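Novice: below is the sequence, then the predicted model.
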Amino acid sequence: MRNLTQPDLALLAFAREAQEKSYSPYSSFRVGAAVFADGEIYEGTNVENAAYPATLCAEAGALSAAIAAGARDITAIAIVGDSEAPTVPCGTCRQRLAEFNPEMRVIMGGASDEVMVMTLDELLPEAFVRGFLDQDESK
Ligand code: THU
């Protein structure tokens, strides 16, 4: 657990804003995410589907928005869900995020005031990253 900073709270507010836009008619579990990358903020929300496995997580949407905008230096992500306790990213999203920065700050919030701050490395130790496949950093 890390100390909560002012920038953490600011990013969390963007995630809460994104959470309002959630499309979650099946689970009614709304999730919002906000990624801080190259000085900009990119939001995402969960987008559910009648074919349940086609559902997109909020973190995946925010990450995709950042990458599509050309940002690469992702230093933090805030995640807010409808759980009472802070919502943690699912395993697949931890892996998605680790691709870009295994040390990024992860700020997690829920329906209460409780906020949890960890690094991605703490949430996904020994992540499988590109170095295992290819040492060429120029790609
Ligand atoms: N969900 C996310 O958006 N992110 C996570 O990390 C956990 C789960 C969404 C997917 C689904 O729409 C709802 O939460 C319930 O699983």
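Specialist: Yep, it's here.

Novice: mind listing what L123 touches?
Specialist: L123 makes contact with 88-89, 94, 106 under the criterion CB atoms under 8 Å, 6 or more residues apart in numbering. In this view, the C-beta of every residue, glycine as well, is placed from N, C-alpha and C.

Novice: in helices only, show me the residues you listed.
Specialist: Judged by DSSP state H, the contacts of L123 include R94 as members of helices.

Novice: the contacts of L123 also near the ligand: which ones?
Specialist: Contacts with the ligand within those, as defined by CB under 6 Å from any ligand atom: P89.

Novice: which one of the contacts of L123 is nearest to the ligand?
Specialist: Closest to the ligand out of these is P89 (4.3 Å), distances taken as CB to the nearest ligand atom.

Novice: tell me the SS of the closest residue to that closest one other than its chain neighbours?
Specialist: Nearest residue to P89, sequence neighbours excluded (CB to CB, 6 or more residues apart in numbering): E59, at 5.3 Å. Using DSSP: H, G, I helix; E, B strand; the rest coil, the secondary structure recorded for E59 is helix.

Novice: how near is E59 to the ligand?
Specialist: Distance of E59 to the ligand, given as CB to the nearest ligand atom, to the nearest Å: 6 Å.

Novice: that residue and V80 touch, don't they?
Specialist: No - using CB atoms under 8 Å, E59 is not in contact with V80, being 11.0 Å away.
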